[in-house]
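Peer 1: task: produce atomic coordinates for the following.
(chains A, B and C)
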Amino acid sequence: MTTTPTPPTKTAPAAPADPAGKTPPTARSLTWARRRLSVARFWSAYRGHRAGLFGLAALALIALTALAAPLLVGGDVQSVTNAPGTAMEKPSGEFPLGTDQFGRSLLGLLVWGARISLTVGLLAAALSVAIGTLVGIIAGHYGGWFSTVLMRITDWFLVMPALVLAIVLATVMSRNVWTVIIAIGITSWPTTARLVRAQTIAVESRPYIERAKALGGGHGHIMNRHVLPNVMPLVLAQTTLGISSAILTEATLAFLGLGDPTVVSWGGMLQDAREAGAVSSGHWWYLAPPGIAIALVALAFTLCGRAIESVLNPKLGVAR
Amino acid sequence: MSTTSTTGTTAVARASEARAARGDVRAYLLYVSGKIGGAAVSLLAVLVTSFFLFRIIPGDPVKAMTHGMPTSAEQMATLRRQFGLDKPMWQQFTDYCAGALSGDLGMSYQFRAPVGELILQKVPATLLLTGVAVVIYSAIGLWLGTRSAWRHGSLGDKLNTGVALTLWSVPGFWLGLLLIITFSVGIGPIPGMFPTGGMESGTESGFAYVADVAHHMVLPVLTLVAVGYAQTLLVMRSSLLDEMGSDYLTTARAKGLRDDAVRRRHAVPNALLPTVTMVFINLGHVAAGSILVETVFSWPGLGGLFYQALSVPDLPLVQGLFVVFAGAMIVMNLLADLLYPLLDPRVGR
Amino acid sequence: MVTTASSKRTRQRPRFRLVLATGAAATALVTAGAVAPQAQAQPQDRPVARSQARAAAADDGKQVLTVAVSQSIDSLSPFLAQRLVSTSIHRLAYDYLTNYDVKDGHTVPGLATAWEPSPDKLTWTYTIRDDSKWSDGKQATAEDAAWTFNKMMTDENAATANGSFTSNFKKVTAPDPKTLVIELKKPQATMTALDVPIVPKHVWEKVDDFSKFNNDKQFPIVGNGPFIITDFRVDQYLKLKPNKDFWRGAPKFDELVFKYYKDGDAAVAALQKGEVSFVQGLTPAQADALKSAENIKVNDAPGRRFFALATNPGAQSKDGKKFGNGHKALLDPAVRKALFHATDRATIVDKVFQGHAVEGEGYIPPRFESYFWKPEASQKIAYDPARAAQLLDQAGYKKNADGKRLDKDGKPLGFRILCHATDPNDKAIGKYLQEWWGELGIGLKVECLDNVSDPWLAGDYDLAFDGWSVNPDPDFVLSIHTCAALPATPKDTGATDNFICDKQFDDLYAKQAVEYDAAKRADLVKQMQSRLYDTGYMNILAYPNAVEAYRTDHIKSITTMPEAAGNIYGQDGYWSWWSAEPAAAESASDSGSSAGVAIGIGAVVVLAAALGLFVAMRRRSTAEDRE
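Peer 2: Reported below is the predicted structural model:
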């Protein structure tokens, strides 16, 4: 109930596209029943995608590890003064992945790093999709010169080389996790905006929107109650795909030395490895695991995103 | 690394727009002038914004450049004068605009050479590396994508898509580092058979020089291809699958054409369109996309120059490179737009 | 739906065609690209140099010394170049008036064979040698030196790089080809350490705009140093050949190449494979890995840098205005002392530098023996966390219930430290400080930036990682802590390092600047260091070693500086490259590169064949389509 901002009561009867919703006392419960049903339908369709299931399972495992990191390895894993090993040890029973230049366990750092990498990925993708959805819906709904201006701005961002812009932003702002999130979020929203705008226009051309307008639904009402729920699936798919590229971009920025050096992330570990000279001294065990972790998470999100996309868009489903 | 679905979708949107324009010559001309006008506006916007974008990098480049070096106040004033930094902002801006319009992008702070000249020196290296990579990965992507779509659902298709998606999820710079460890430094029985970085040994001439450059290119190109071909593959595969449902293919087959001929003469050319568009857009991306690979492999191109210039910060050089990167995208987008109606075989056949 | 069956023969072809298309396109691009940079790099003035270099390279048995560098050369003009890599190349290409002795760094003859100050200390007379020739055959004379200095004094653009040396010059003349006379405005102790390349007047007087002339168009570049620059490509390589007529004797290698590697790992890998002969700036892990490698010698030499913690003493300008936002608590000597007491320098040397450094004490590194100073036991701030806590308690910074110390306003005490984002040591030490000071109850925020200069010069920092490379003559590194180095107003920039302004230190500085007696001056310099230590605004953490490695199968012997256990790269002179002797055996790099070339040739041949095949197939397939 808290998910959508509900306007005053009189709008409730006008809301549902389903005529059955006119029965006043059950309107809301019907809506929920319908949503439950569509979620169930979605899930049964999603289950058919084996790759999607694999992605989901991998994600669940990684997310669980990240959440349980304090229990698994303890917050002490980042400490340099209490580091248990000596510098750059090879993998051993005590340190399954070896140690870094401070003598800290690389396995512990890898587990701990999942927290930052996932957080940054999720938040950056959420930011990017939020901006994109907002711009897309507004541009699609209002039309006219306002939309033209918005879309020109969108196009301008689209031709900007995103990584270059992100590098510039990350250089300009101070080195911390938020900078990275903002740099990724601000540079990756235009594609979402374009897709959402197209979808908004498509939705608004449907007859029931006409009806809602005739019944006195304002701009806010139409955007919130009709357009938004209809673009939500697309937004969900975009977010999932966006996370995977956000995680890659985070790693890239960290690798270029633009991440926050005081926290442990996978990209940061790669950067540390390189700064320590792991490549030329042949310490592949320092270099390989963070990269594999990044690839695994990015792949898992991509698989989920593709599965969601094809469930929501059957035509695409054939295609992919 | 942009998302696959995106480019595909914009390509499709572009297709419908372009098809509408193909109707008659006047409509096409209108379409062309509209696109060129739009590109010109974008280019102008890039020129203007690149000036201001890099002024928000806080502080004084002269201080940054001379920090840690014995420099007197007089020397700093001289430097400031040499770079025109003693002028007020609006005058710097008008100077910049006037210069940019006449092709002069200013003087690099660190190399004290015209930015245009520095960029031109690096363009061939970047173009060579990324051009070869784009051509190779587009070709591989097209080929594998076609195969995959044609045998949709087979084990080969699944393997193909799976490998492509996995490689696409791998951070390119990391793959590059692993390739260096494995094939340049050498692990165990594998000898280090490729150079670790750079574009040439600097000792060869003539044919040996070409061979030397090719030898230096192997690993960076391999890296770019590995992470890049997935996109082409996926777009080609999905657009070919779209085509395969079409009625005209059934008709063609009914005419008695061999299956292979149907594929080669009808389905593939049509499905190629979105992919070709994407290749163009990728070409626009290459300059900017090469930053990481050039950094990892010490390739003497634009990407490396950009990253290095940013850390000084060498504002005129960063600005110029930014304009070049964005300009490449705009021009390639424009080319894709203009070519589209001409290439679309569904119209006028 | 769609049938996938088709005959084997027909399935084969399209695949093959696409592969061929790829190959063909790649070949075209390779050839086009490979030709382009060459064609483009050969405007009018260059072909001669290039073809010479190429021809020479083709000869077998040529001994090439390749040095990997990571810094890009900013300019080849001695009037503009400021980076270490560029100035050390100028050392090789031009003779300076004086040089530093390879054993202990005392001044020895360069272009000048003798020098003499006048009794009033204001006029210096140099005798210029008569056996130094420019590489174009002309004699190098006092006139060249006088012209170089006069140019720097009259043209502000020519003063860009080294103007600080001539700012106190009144008049420079050359009464005869063997005599150079410099008149000063006030005495200057650095007159035997004028690190200014002397350029040939007859070449340089043709230059109009010194701010734009980079000296990189006409090769070989006319010089009179032990090497002659023959070729240069930005961010790729710089080549030099030995100057056979150099008065001290010709260098032994046939060619010296500085090759640019953006990435340190790539440079080390290149050393392992024999693509380069020398690499510097090794990380501890790299040094360890190379130590066990065959034919490679790791040189772990005392460095010329110090690595320090600087605290903001309250930034101020000469007009007395305070600016910046340095933390007030750091103005309390007890707090600074407590922080330094809680800093374990031995661990930093041990863990961060992994032994490749010497624990910090005085300001000037021990490598410069005559100026090196150590704190007395009574004044030394040793590692002692208990003492640190006690000092803070006494000064009134008590711990609260959460174990955080509170400042005088009752807020938790927390500092920021400026760190260079590109320096791994800054980041690593930041981590340790965070934990050590955290235990003390003091928070620390490590602010890593690419461009630390701005907050630094604006005084917007609490603490900062600081470090300077020290010259044999310590004048400069001392001058940056004088009041005279402060900016004139908050808007200006001064030469000051850390806004320190101390009367006692200044008085000593003024005395040493005019002291021409080496021993007396050294004593004054030591007193200055003691004073600097006591002010407690700076704490030297370590003197990082210069960690370098070279291939013993390329280089038989090379002179370090100081000769006993010294470094090779970035010496105060040309000793290392000038003295390097090639190993007798044919260097490994040749076989490696020829194998590489073979692979490259193979690749090109395959691509070309593919192109041919492609064309053939293309013809056939169109013919088939037409039927």
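Peer 1: rest of the way, CA atoms for contacts and neighbours
Peer 2: Fine.
Peer 1: contacts only, for the residue lying closest to C:K178 once chain neighbours are set aside.
Peer 2: Among residues not flanking C:K178 along the chain, C:I128 sits closest, at 4.7 Å (C-alpha to C-alpha, 6 or more residues apart in numbering or on different chains). C:I128 makes contacts with C:L111, C:A112, C:T113, C:A114, C:T141, C:A142, C:P177, C:K178, C:T179, C:L180, as judged by C-alpha atoms under 8 Å, 6 or more residues apart in numbering or on different chains.
Peer 1: and those residues as TSV, adding pLDDT?
Peer 2: Output for those, formatted as TSV (pLDDT from 0 to 100):
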residue	pLDDT
C:L111	94
C:A112	94
C:T113	94
C:A114	93
C:T141	94
C:A142	95
C:P177	93
C:K178	94
C:T179	95
C:L180	95
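Peer 1: if you look at these, which of them are in strands?
Peer 2: Judged by DSSP state E, the contacts of C:I128 include C:A112, C:T113, C:A114, C:T179, C:L180 as members of strands.
Peer 1: which of those sits closest to C:K374?
Peer 2: C:A114 (34.2 Å; C-alpha to C-alpha).
Peer 1: partner residues bridging the closest one?
Peer 2: C:T127 (DSSP bridges).
Peer 1: re earlier: are any of the contacts of C:I128 buried, and which?
Peer 2: C:L111, C:A112, C:A114, C:T141, C:A142, C:P177, C:K178, C:T179, C:L180 (16 or more other C-alpha atoms under 10 Å in any protein chain shown).
Peer 1: can you list those residues in CSV and add distance to B:G106?
Peer 2: Shown next, in CSV, are the buried ones among the contacts of C:I128 (distance: C-alpha to C-alpha, whole Å):
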residue, distance to B:G106
C:L111, 38
C:A112, 41
C:A114, 46
C:T141, 38
C:A142, 38
C:P177, 42
C:K178, 43
C:T179, 43
C:L180, 40
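Peer 1: which one among the residues you listed gets closest to chain A?
Peer 2: For these, the minimum distance to chain A (C-alpha to the nearest C-alpha) is 41.4 Å, reached by C:L111.
Peer 1: sorry, back to before: quick check: the residue nearest to C:K178 vs C:G105, distance?
Peer 2: 21 Å (C-alpha to C-alpha, to the nearest Å).
Peer 1: could you report the neighbour count for the residue of the stretch 1-150 of chain A found nearest chain B?
Peer 2: Of all residues in the stretch 1-150 of chain A, A:A51 sits closest to chain B, at 8.9 Å by C-alpha to the nearest C-alpha. Around A:A51 sit 19 other residues, with neighbours defined as other C-alpha atoms under 10 Å in any protein chain shown.
Peer 1: give the contact list for the nearest residue to it once chain neighbours are set aside.
Peer 2: Closest residue in space to A:A51, ignoring its immediate chain neighbours: A:L303 at 6.0 Å, by C-alpha to C-alpha, 6+ apart. Neighbour list for A:L303: A:A51, A:G52, A:F54, A:G55 [criterion: C-alpha under 8 Å, 6+ apart].
Peer 1: for the second one, phi and psi?
Peer 2: As for A:G52, its main-chain torsions (degrees, to the nearest 10) stand at phi -60, psi -40.
Peer 1: if you skip the residues just before and after it, what's nearest to it?
Peer 2: A:C304 (4.6 Å).
Peer 1: helix or strand for that neighbour, which one?
Peer 2: Per DSSP states H and E: A:C304 is located in helix A:284-312.
Peer 1: again with C:V525
Peer 2: Per DSSP H and E: helix C:518-535 holds C:V525.
Peer 1: ditto for C:L478
Peer 2: Using DSSP H and E, C:L478 falls in helix C:475-479.
Peer 1: and C:V335, that's in a helix?
Peer 2: Yes. Note on C:V335: a helix contains this position according to DSSP: H, G, I helix; E, B strand; the rest coil.
Peer 1: wait, B:V312 touches C:N451, no?
Peer 2: Yes. Using C-alpha atoms under 8 Å, B:V312 is in contact with C:N451, at 7.5 Å.
Peer 1: neighbour count for the two, which is higher?
Peer 2: Neighbour tally, B:V312 and C:N451, criterion other C-alpha under 10 Å: the higher count belongs to C:N451, 27 against 18.
Peer 1: mind giving me the domain split of chain C?
Peer 2: C:45-78+C:219-301+C:544-623, C:92-204, C:305-543 (automatic domain parsing).
Peer 1: out of those domains, which is closest to A:G143?
Peer 2: domain C:305-543 (43.4 Å).
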